[in-house]
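J.: can you look at this prediction? I've put the sequence above it.
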Amino acid sequence: MKHLLSINDIDKEFALTILDTAAEMAKVTEGPVKKLPTLRGKTVVNLFAEDSTRTRISFEAAAKRLSADVINFTAKGSSISKGESLKDTAQTLQALGADAVVIRHPASGAAHRLAQGKWINGTVINAGDGTHEHPSQALLDAYTIRKHLCGGTGDLSGIHVAIVGDIQHSRVARSNVLLLTKLGATVTLVAPPTLLPHQVEQWPVRVSYDFSAVLPTVDAVIMLRIQQERMSDLYFPSEREYSTLFGIDAERLALTKPNSILMHPGPMNRGLEISAEAADSDQSVVVEQVANGVSIRMAILYLFIAGSQESVNG
Amino acid sequence: MVNSILIKGGAIAGGAVADLLIKDGVIAEIAAKIEVHADEVIEADGYVLLPGFVDLHTHLREPGRENSETIATGSLAAARGGYVAVSAMANTLPVADNSAIVEQVAAIGKNVGLVDVFPIGAVTKGLAGHELADLGSMAHSRAQVRVFSDDGNCVSDPLMMRRALEYVKQFDGVIAQHAQDPRLTEDAQMNEGIVASTLGLKGWPAVAEESIIARDILLANMVGARLHICHVTTAGGVEIIRWAKAQGMKVTAEVTPHHLLLTDECATTYDPIYKVNPPLRTQSDVNALRRGLADGTIDIIGTDHAPHPVESKECEWQSAAFGMVGLETAFPILYTTLIAPGHITWARAIEVLSSAPAEIA
């Protein structure tokens, strides 16, 4: 397995290996020396053609903790903003000797093009492509759910997860639907019909328009960021109405099981899809998701770069 | 100089095996055995002899986009694909919306001399949809334009469409409509359906095509004008045209080779060679198009041959240009999908490739 472009690239067994490896990585991170020599001499390029803070620094921290050399290549002030094609950028990275390219790009399928364009030899890790997928986010979400609700081992059988908000434009939702169901969880998508993908009934999920009705049965709630511009594109009448019907606040949170968790991939729109009270509640694991993100990305880089040359356990 | 060609032992129009003699570019005789001296003799044993094909929907790109195609290279591709005549779409730079451009295209085509090149005139100035192009002066120019189309764009304003349909009646013109509601397809990338939903590419709903087809059939019928629907891609579109013809309404319709063959599943590679306008649809749409072509609902094959420079396809899907090439593959695709399996006869193939498009143009 050379590239991580989509959750479809990994089977259940390998997904669990990533989660187990991330747990090992977390132990390192908690120790006094937060660094492993695993990727010494390897070059990881963070190619971020779209603004991103947390995913980029998370991958950067992960690569550095594995002793890789990290090159950050971001849109602003780079050749990408001067209109350089993805092909030329890729060939530049190839010439720099990149062992892995972590790519964030506004175009769906950009990671696929990079991996299949025969422009580079290195491993391609999709860090979010347009409205397609964001596999490392789904893996860190699964890791977080497993840690809180499954004792940190095994799959997610019996777990019910609600994903709430702009499913249509969410790469986080797509990767999570694939991964969580692969791991045995039940997934319910909650959104206005305008923000659900066409023919969503063919996905292995349940769909509800009634957030409050779903809440008492769920173990984890993943809130998605709602983009302000969706309103002008006629997806819903007003922010206030969206917030009322599909936002989470203390009152809605009270409908959930006491041990359930509240998640958000960030950045949050406090007061829109999530109230400050809910975001800062005891059930919220939003900050922990960030920490888990580093462990997951260490596991991904380790398994896809080092693991592609030597045995994972060796 | 070759003045006579004798083709021996071919299946004439897919039927009986016979010899065929051409003198001065015209078929002089067809008989079981022709024993005359000819300048050139072609042994056609095992071959099928068909009349030259006519394409009502070609993008030759010249003037202005010669890095994609020229009238010379496009003519060469057409001749290689079995075509003897092509209608060149108006979305050149500058747009073929006046007599000077259409006469230039016709003159270059004649000069190249490989196939007949018939320029199509734009319906609206600059394909912008706001003012009628110089329809009459193009019709009365040396290019004698009869087909008008904003192809690439839809004539979406219903009043503009009505006026254009009515106006071109005076010289027996036909409006070839690119049916695509612009508002329903803003930023659209591929067929709206489960594949687009999974790939995270913005969907292009079938109804954006079907609603324009329905509207324009009703408009054309009301004013008694000739309407041709370019590149039908959906089962619903086929059904609307079938209904219209059953009512006795006048309309002709076209399907491209690629829409007879490929589906939106091709997009799962994110390889933009499969990015085309209108988009590849589902297998049930493909099946409906094949049935429609077989039963006469769809009248012709139009290639929508639309070449682009390599850099326009060697990129991310959403940055890539829409368009496929088709002149050289149209016949092989029709043969593979419909003729060889026995869904259509050779006689029907000749209609959809040659006689029907010639009649419309």
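T.: Received, thanks.
J.: from A:Leu114, how far off is A:Ser85?
T.: Noted for A:Ser85: a distance of 11 Å to A:Leu114, by Cβ to Cβ, to the nearest Å. All C-beta atoms are positioned from the backbone trio N, CA, C, and that covers glycine.
J.: neighbour count: these two, which is higher?
T.: A:Leu114 (26 against 16; other Cβ atoms under 10 Å in any protein chain shown).
J.: residues contacting that one?
T.: Taking Cβ atoms under 8 Å, 6 or more residues apart in numbering or on different chains as the criterion, A:Leu114 is in contact with A:86, A:90, A:101, A:103, A:120, A:124.
J.: gap between the first one and B:Thr268?
T.: In other words, A:Leu86. For A:Leu86, the distance to B:Thr268 equals 19 Å [Cβ to Cβ].
J.: between those two, which one's more packed in?
T.: Taking other Cβ under 10 Å, A:Leu86 and B:Thr268 do not tie; A:Leu86 has more neighbours (22 against 14).
J.: next, the more buried one: phi, psi?
T.: phi -60, psi -40 (degrees, to the nearest 10).
J.: go ahead and confirm it touches A:Arg113.
T.: Yes. The criterion here is Cβ atoms under 8 Å, and A:Leu86 meets it with A:Arg113 at 6.1 Å.
J.: list residues touching both of the two?
T.: If you check A:Leu86 and A:Arg113 against Cβ under 8 Å, 6+ apart, the residues they both contact are B:315-316.
J.: which members of the contacts of A:Leu114 are positioned in helices?
T.: Counting by DSSP state H, the contacts of A:Leu114 place A:86, A:90 in helices.
J.: what subset of the contacts of A:Leu114 is buried?
T.: By neighbour count, with 16 or more other Cβ atoms under 10 Å in any protein chain shown, the contacts of A:Leu114 hold A:86, A:90, A:101, A:103, A:120, A:124 as buried.
J.: so which of those are also by chain B?
T.: A:Leu86 (Cβ under 8 Å from any Cβ of the partner chain).
J.: looking at the buried ones among the contacts of A:Leu114, which is nearest chain B?
T.: A:Leu86 (5.8 Å; Cβ to the nearest Cβ).
J.: for the longest helix along chain B, packing partners?
T.: Under DSSP H, the helix in chain B containing the largest number of residues is helix B:206-223. Applying 3 or more Cβ pairs under 8 Å, 6 or more residues apart in numbering or on different chains; DSSP states H and E, one finds that helix B:206-223 contacts helix B:158-167, strand B:174-177, strand B:226-229, helix B:235-246.
J.: just give me the neighbour total for A:Gln202.
T.: Neighbourhood size, A:Gln202 [other Cβ under 10 Å]: 13.
J.: give me phi/psi at the nearest residue to it once chain neighbours are set aside?
T.: Leaving aside its chain neighbours, A:Gln202 sits nearest to B:Ile194 (4.7 Å; criterion: Cβ to Cβ, 6 or more residues apart in numbering or on different chains). Backbone torsions of B:Ile194, given as degrees, to the nearest 10, read phi -60, psi -30.
J.: cool, B:Thr58 as well?
T.: Dihedral angles (degrees, to the nearest 10) for B:Thr58: phi -120, psi 140.
J.: contacting residues around it?
T.: With Cβ under 8 Å, 6+ apart, B:Thr58 has these contacts: B:74, B:78, B:86-89, B:303-305, B:327.
J.: the closest residue to chain B within the stretch 201-314 of chain A and B:Ala267, how far apart?
T.: When scored by Cβ to the nearest Cβ, the stretch 201-314 of chain A has A:Gln202 as its residue closest to chain B, at 4.7 Å. Between A:Gln202 and B:Ala267 the computed distance is 16 Å (Cβ to Cβ).
J.: next one: A:Leu5
T.: In this view, A:Leu5 and B:Ala267 are 15 Å apart by Cβ to Cβ.
J.: and if you look at A:Leu255?
T.: 40 Å.
J.: ok, those two, which is more surrounded?
T.: B:Ala267 (24 against 16).
J.: is it true that that one touches B:Val276?
T.: No. B:Ala267 is not in contact with B:Val276 according to Cβ under 8 Å; the separation is 10.1 Å.
J.: now B:Glu43. Nearest residue, chain neighbours left out?
T.: B:Lys8 (5.6 Å).
J.: just give me how far the one helix or strand the one you found maps to sits from the chain centre.
T.: Here B:Lys8, judged by DSSP states H and E, is contained in strand B:4-12. Distance of strand B:4-12 from its chain centroid, counting by Cα atoms, centre = their mean, to the nearest Å, is 29 Å.
J.: burial count for whatever residue of the stretch 151-300 of chain A ends up closest to chain B?
T.: Chain B sits closest to A:Pro197 of the stretch 151-300 of chain A, with a gap of 3.4 Å, by Cβ to the nearest Cβ. Under the neighbour criterion other Cβ under 10 Å, A:Pro197 is assigned a count of 26.
J.: for chain A, give me the ranges with low pLDDT.
T.: A:1, A:77-78, A:80-82, A:308-314 (pLDDT under 70).
J.: which parts of it sit against chain B?
T.: A:85-87, A:105, A:107-110, A:112-113, A:116-117, A:129-133, A:171, A:174, A:197-200, A:202-203.
J.: filter the residues you listed down to the buried ones.
T.: By neighbour count, with 16+ other Cβ under 10 Å, the residues of chain A next to chain B hold A:85-87, A:105, A:107-110, A:112-113, A:117, A:129-133, A:171, A:174, A:197, A:200, A:203 as buried.
J.: hmm, back to that, touching, the residue of the stretch 151-300 of chain A closest to chain B and B:Ser197? I think so.
T.: Yes. Assessed by Cβ under 8 Å, A:Pro197 is found in contact with B:Ser197 at 3.4 Å.
J.: anything in contact with each of these two?
T.: With Cβ under 8 Å, 6+ apart, A:Pro197 and B:Ser197 have common neighbours A:Trp203.
J.: would you quantify the distance from the residue nearest to the spatial centre of chain A to A:Arg174?
T.: In chain A, the centroid-proximal residue (Cα atoms, centre = their mean) is A:Gln137; its distance is 1.4 Å. For A:Gln137, the distance to A:Arg174 equals 10 Å [Cβ to Cβ].
J.: and A:Ala220, by the same measure?
T.: Distance from A:Ala220 to A:Arg174, by Cβ to Cβ: 17 Å.
J.: do B:Leu289 as well
T.: B:Leu289 is 30 Å from A:Arg174, by Cβ to Cβ.
J.: so where do the helices sit in the stretch 151-300 of chain A?
T.: A:171-182, A:211-214, A:239-246, A:250-253, A:276-279, A:286-301 (DSSP state H, counting those that start in this stretch).
J.: need the mean per-residue confidence for stretch B:177-188.
T.: Regarding stretch B:177-188, the rounded mean pLDDT is 97.
J.: how long is it from one end to the other?
T.: 19 Å (Cα to Cα, to the nearest Å).
J.: and for B:Leu293, the neighbour number?
T.: B:Leu293 - counted by other Cβ under 10 Å - has 28 other residues nearby.
J.: name the element it belongs to?
T.: Assigning secondary structure by DSSP H and E places B:Leu293 in helix B:283-295.
J.: does chain A have contacts with that helix?
T.: No. Using Cβ under 8 Å from any Cβ, helix B:283-295 stays clear of chain A, coming no nearer than 13.1 Å.
J.: which residues sit against that helix?
T.: B:206, B:232-235, B:238-239, B:241-242, B:253, B:255, B:259-263, B:297-298, B:301, B:337-338, B:343-344, B:348, B:352.
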